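A.B. asks: Provided below for reference: sequence and predicted model.
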Amino acid sequence: YRNISFIEACEWLCNTFGIAKTNDRNERIKTITSNKNIMDRIRINNTVFLDPIVVEKSLSTANSFCRSLVTNNIFTWEQMLHASETYRLGATNSGGTIFWQINREEQIRDGKVMHYGNDCHRDKDKSPIWVSWIMKHRQHKLSLDARTEKCLFGLHLLLTDADADDVEIAVVESEKTAVICSELFTLKSMKEKYSISNIDIKPNILWMATGGISNISSKLLMPLKGYKVTLSPDTDTDGSAYRHWTDMAEKISREMDQKINVSNILEKYASAEQKENKIDIADWITER
């Protein structure tokens with residue numbers, strides 16, 4: 001990745017993580033064992049990042065979410081593969097879906113494991129669980145005092161300094177919504193399929209997720225500073241979700257010193273029944 005030789009890579013690892021160098025094999029084994037915490041995780045400003053190898057080993061479409069996307073005709077097989085690769089979706093041995101949180105520097109913040117039913121809705125009998133918790137309490141690969149700092153799901157899509165004039169960012173609540181919208185929600189599709197002509201969204205839109213309605217904050221959105229950002233909350237009968245994110249958008253706009261928009265598509269176009277079911281923008285598109 002760094003285009004350096006094997007010896008240079010070893011030097012970089014030793015210097016970066018404080019690993020002692022020795023020519024004696026037994027001494028090396030002793031050093032690695034005594035530095036287990038260093039080998040298990042990287043600490044930068046008290047933040048724990050997971051090993052990228054964990055992500056690479058997990059990458060798979062053999063999970064309940066990817067399977068249900070295709071069986072419910074939400075995605076074609078090609079769309080599912082493309083979305084899975086784009087968001088680096090992983091799979092557990094039990095068929096759970098891993099939504100990895102990766103920041104713009106390619107650092108692995110954490111991963112959320114979720115299970116889905118055949119209808120592509122979350123299996124509420126199985127609570128979401130963080131990979132860091134599994135590594136602490138089940139696998140014992142992280143010390144119990146290790147902490148992770150969450151980021152937006154999909155933040156890695158801004159790996160390069162994309163031109164802010166050509167990229168817009170939509171932030172939704174759930175990871176599932178971001179994945180589905182990344183393939184289905186474009187300006188062209190919305191205008192042609194749903195006869196809606198007043199939506200000002202560019203085709204090169206990047207979809208990200210907070211992981212929950214209460215997770216929205218200026219700290220979470222700060223990496224998006226300089227880009228046009230639109231929040232798309234779920235809907236409900238009394239509009240509380242929309243009001244909450246609208247209030248937060250005003251607060252975050254002041255703290256980031258830029259305008260944060262809030263989409264009112266669901267508030268305007270969702271039916272009373274859809275609001276009763278608390279649908280999100282992905283539900284609205286697929287139902288139509």
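C.D. replies: Nice, thanks for sending it over.
A.B. asks: which sections of the stretch 151-288 of the chain are below the confidence cut-off?
C.D. replies: 159-165, 186-203 (pLDDT under 70).
A.B. asks: Please apply the same query to the stretch 1-150 of the chain.
C.D. replies: Using pLDDT under 70, the stretch 1-150 of the chain drops low at 1, 21-46.
A.B. asks: how about a cut-off of 80?
C.D. replies: Residue ranges of the stretch 1-150 of the chain with pLDDT under 80: 1-3, 8, 15-47.
A.B. asks: now the helices for it?
C.D. replies: Taking DSSP state H, counting those that start in this stretch as the criterion, the stretch 1-150 of the chain carries its helices at 6-17, 25-34, 36-40, 52-58, 64-71, 77-87, 131-137.
A.B. asks: Output these as a markdown table; include the columns mean neighbour count.
C.D. replies: No exception for glycine: its C-beta is placed from N, CA and C like everyone else's. As requested, the helices of the stretch 1-150 of the chain are exported to a markdown table (neighbours: other CB atoms under 10 Å):
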| stretch | mean neighbour count |
| --- | --- |
| helix 6-17 | 11 |
| helix 25-34 | 11 |
| helix 36-40 | 14 |
| helix 52-58 | 14 |
| helix 64-71 | 20 |
| helix 77-87 | 16 |
| helix 131-137 | 18 |
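A.B. asks: what's the closest of these to L157?
C.D. replies: The closest of the helices of the stretch 1-150 of the chain to L157 is helix 77-87. By CB to CB, the value is 7.3 Å.
A.B. asks: thinking again about what came up before, of the helices of the stretch 1-150 of the chain, which is nearest A178?
C.D. replies: The nearest among the helices of the stretch 1-150 of the chain, by CB to CB, is helix 77-87 at 7.5 Å.
A.B. asks: which residues are in contact with the closest one?
C.D. replies: 61, 66, 69-70, 75, 89, 99-100, 153-154, 157, 175, 178-180, 182-183 (CB atoms under 8 Å, 6 or more residues apart in numbering).
A.B. asks: can you rerun that using 10 Å?
C.D. replies: For helix 77-87, the external contacting residues (CB atoms under 10 Å, 6 or more residues apart in numbering) are 59-61, 63, 65-70, 74-76, 89-91, 97, 99-100, 102, 153-154, 156-157, 175, 178-184, 206-209.
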